[in-house]
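Asks: structure for the following, please:
(one chain, ligands or ions: 2)
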Amino acid sequence: MNRRAPLGVAVVGAGRMGADHVRRIDRVIDGARVAAVVDVDAERAGAVAAGVDGCAVHTDPAAAMAAADVDAVIVASPGPAHEAALLTAFEHDLPVLCEKPLTPDAASALRVMEAEQALGHRRVQVGFMRRYDAEYARLRALLSSGRLGRPLMLHNRHRNVASPPFFTSSMLISDSVAHEVDATRWLLGHEITAVTVLRPTPSSGAPEGLRDPQFVVLETDGGALSDVEVFVNCGFGYQVQAEAVCERGTARIGDGHALVTQTAGHWGGAIAQDWTERFDQAYDAELRAWVEATRRGEVTGPGTWDGYAAAAVCEAGVRALENGGRAEVDLVEKPALYR
Ligand SMILES: NC(=O)c1ccc[n+]([C@@H]2O[C@H](COP(=O)([O-])OP(=O)(O)OC[C@H]3O[C@@H](n4cnc5c(N)ncnc54)[C@H](O)[C@@H]3O)[C@@H](O)[C@H]2O)c1
Ligand SMILES: O[C@H]1[C@H](O)[C@@H](O)[C@H](O)[C@@H](O)[C@H]1O
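Replies: Ligands and ions are numbered 1, 2, ... in the order given. Down below sits the predicted model:
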C-alpha cells in the first residue's frame with residue numbers, strides 16, 4: 001500500500017449498511033476511495049457503484065480482494081457470510097472493517113481468531129459503532145473517572161420500529177443485543193460470565209412466532225449487572241438508552257433531548273426512526289478512525305477478541321432463550337495477540 005495515495009477499499013455487501021459505507025467513503029471521509037463494490041446480486045452492486053469514480057463491480061469477494069488497487073476491505077454482508085470474507089481477506093493480508101456480528105456463533109468466531117493469530121498480527125476492526133458515539137464515549141469517560149464510584153448496574157433499552165422479515169427470536173440476541181454485550185464490556189471493562197433471558201408474552205405487533213420483546217440480564221466478572229430490554233417491533237421509533245447506576249450517582253444517555261419543542265398544547269421532540277439517523281455521527285467517526293489507523297498500518301478499536309467474546313456471550317444468550325433460563329458463557333483464554 002502506498003501510504004500517500006488514498007486507501008483503496010473494497011466494500012463486500014451492497015445492502016443497507018454497505019451502500020451507506022460506500023457513500024461515506026466516497027463523500028464524507030478523507031484518505032480513502034471505493035475501489036470495488038461486491039455483492040452476490042450483481043445488479044445491486046452495480047447500482048451502488050454507479051457514480052463512484054473508478055469503482056469496479058464484482059459478485060465474488062475473492063476476485064475483488066485480489067485486485068491490485070484494493071488495500072483494505074469493509075465486510076457488510078449478512079453475518080453468516082462474514083467468516084468466508086474474513087478468511088479470504090487474511091489470504092491477501094488485507095485490513096478489514098467487519099460489520100457486527102464478527103460471525104453469528106462462537107465456533108466460527110474462534111476460527112477467525114485462530115486464522116488471524118496465524119497471520120501473526122491483528123487485521124480486524126469489528127463494527128461496534130457505539131464505541132464511537134459521542135454520548136457513549138462521554139458515559140465511558142465519566143465511569144472511568146471514578147467520580148460516581150463503582151458501577152453497580154447498567155440498564156439498557158434497545159428498541160427498533162420493526163424487524164426485517166428474516167428476523168428470528170434468537171437474532172434479537174445475536175444481532176441486536178450483541179451491541180449491548182459489547183457496550184457493557186467496553187463501558188465496565190468486565191467480561192460477561194452468564195446470561196439470563198426472560199420472555200414476556202410477545203407483543204401483538206410482532207410477527208407470528210417471534211419472541212419480541214425479551215429481557216436479558218448479563219452478569220459480569222466484576223460483579224456488576226447489565227440488563228437489556230430488547231423490543232424490535234415497538235412500532236414508534238429507534239431508541240437506544242443506557243443508565244449506569246453507581247455507588248455515588250447515576251448517569252444516563254439516549255434520551256434524545258437534543259431538540260425539545262413546545263407548541264399548541266404539546267411538549268416534546270422527535271424520535272429517530274432507525275440506526276442510520278441515531279448513529280450517523282458514530283458511523284462517520286468509526287470509518288474515519290479505521291481509515292486513519294489503516295493508513296498508519298495500525299489496528300485500533302474493537303477487534304477480533306471483542307467480536308469473539310460478543311459471539312460467545314450471544315451464543316449463551318440464545319441457549320438461555322431456548323431453555324427459558326440462565327446459561328454460563330464459555331470463553332477461551334485471551335490469546336497473547338489481543339492482550
Ligand atoms: N452497526 C450497525 O448498526 C448495523 C446496522 C445494520 C446492519 N448491520 C450489519 O451489517 C451487515 C449487513 O446488514 P444490512 O442491513 O446491510 O443487510 P442487507 O440485507 O441490507 O444487505 C446485505 C447485502 O449483502 C449481500 N450478500 C449476501 N451474501 C453475500 C456474500 N456472500 N458476498 C457478498 N454479498 C453478499 C446481499 O445480496 C445484500 O445486498 C450485517 O452484518 C448486519 O448485522 C450493522
Ligand atoms: O442489524 C441491526 C443493527 O445492528 C442495529 O444497530 C440494531 O439496532 C438492530 O437491532 C439490528 O438488527
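Asks: and residue 35, what element?
Replies: Counting by DSSP states H and E, the element that carries residue 35 is strand 32-38.
Asks: mind listing what that strand pairs with, with the direction of each?
Replies: Within its sheet, and counting by DSSP bridges, strand 32-38 is paired with strand 7-12 (parallel), strand 56-58 (parallel).
Asks: nearest to residue 102, of those?
Replies: Checking the strands paired with strand 32-38 against residue 102 by CB to CB gives strand 7-12 as the closest, at 14.2 Å. From N, CA and C alone the C-beta is placed, and that goes for glycine too.
Asks: how distant is the closest one from the center of its chain?
Replies: 19 Å (CA atoms, centre = their mean, to the nearest Å).
Asks: repeat for stretch 85-97
Replies: Chain-centre distance of stretch 85-97: 18 Å, with CA atoms, centre = their mean.
Asks: for ligand 1, what is the nearest residue in this structure?
Replies: residue 15 (1.7 Å; CB to the nearest ligand atom).
Asks: correct me if wrong: that residue contacts residue 81.
Replies: No - assessed by CB atoms under 8 Å, residue 15 is found out of contact with residue 81, at 11.1 Å.
Asks: okay, these two: which has more neighbours?
Replies: residue 81 (17 against 14; other CB atoms under 10 Å).
Asks: in a helix, the more buried one, correct?
Replies: Yes - counting by DSSP: H, G, I helix; E, B strand; the rest coil, residue 81 is part of a helix.
Asks: if we ignore the residues flanking it in sequence, what's nearest it?
Replies: Distance criterion CB to CB, 6 or more residues apart in numbering; nearest residue to residue 81, sequence neighbours excluded, is residue 13 at 7.3 Å.
Asks: over to residue 44?
Replies: Excluding its sequence neighbours, the residue lying closest to residue 44 (CB to CB, 6+ apart) is residue 14, at 4.9 Å.
Asks: how many residues are close by that neighbour?
Replies: Counted with other CB under 10 Å, residue 14 comes out at 26.
Asks: in contact with it: list those residues for me.
Replies: 22, 37, 38, 39, 41, 44, 45, 47, 48, 49, 76 (CB atoms under 8 Å, 6 or more residues apart in numbering).
Asks: closest to residue 280 out of the residues you listed?
Replies: Using CB to CB, the contacts of residue 14 come closest to residue 280 at residue 22, 15.2 Å.
Asks: for whichever helix or strand residue 318 is part of, packing partners?
Replies: Here residue 318, judged by DSSP H and E, is contained in helix 304-323. Contact here means 3 or more CB pairs under 8 Å, 6 or more residues apart in numbering; DSSP states H and E; on that basis helix 304-323 packs against helix 106-119, strand 124-126, helix 178-188, strand 192-198, strand 214-220, strand 326-328.
Asks: what residues does this protein have near ligand 2?
Replies: Taking CB under 6 Å from any ligand atom, the part of the chain that reaches ligand 2 is made up of 160, 175, 176, 179, 232, 275.
Asks: which among those are in contact with ligand 1?
Replies: Okay, of the residues of the chain next to ligand 2 touching ligand 1 (CB under 6 Å from any ligand atom), that's 175, 275.
Asks: now, the residues of the chain next to ligand 2 that are in strands?
Replies: For the residues of the chain next to ligand 2, not one is inside strands, with DSSP state E as the criterion.
Asks: pick out whichever of the residues of the chain next to ligand 2 sits closest to residue 218.
Replies: Set against residue 218, the nearest of the residues of the chain next to ligand 2 by CB to CB is residue 179 (12.2 Å).
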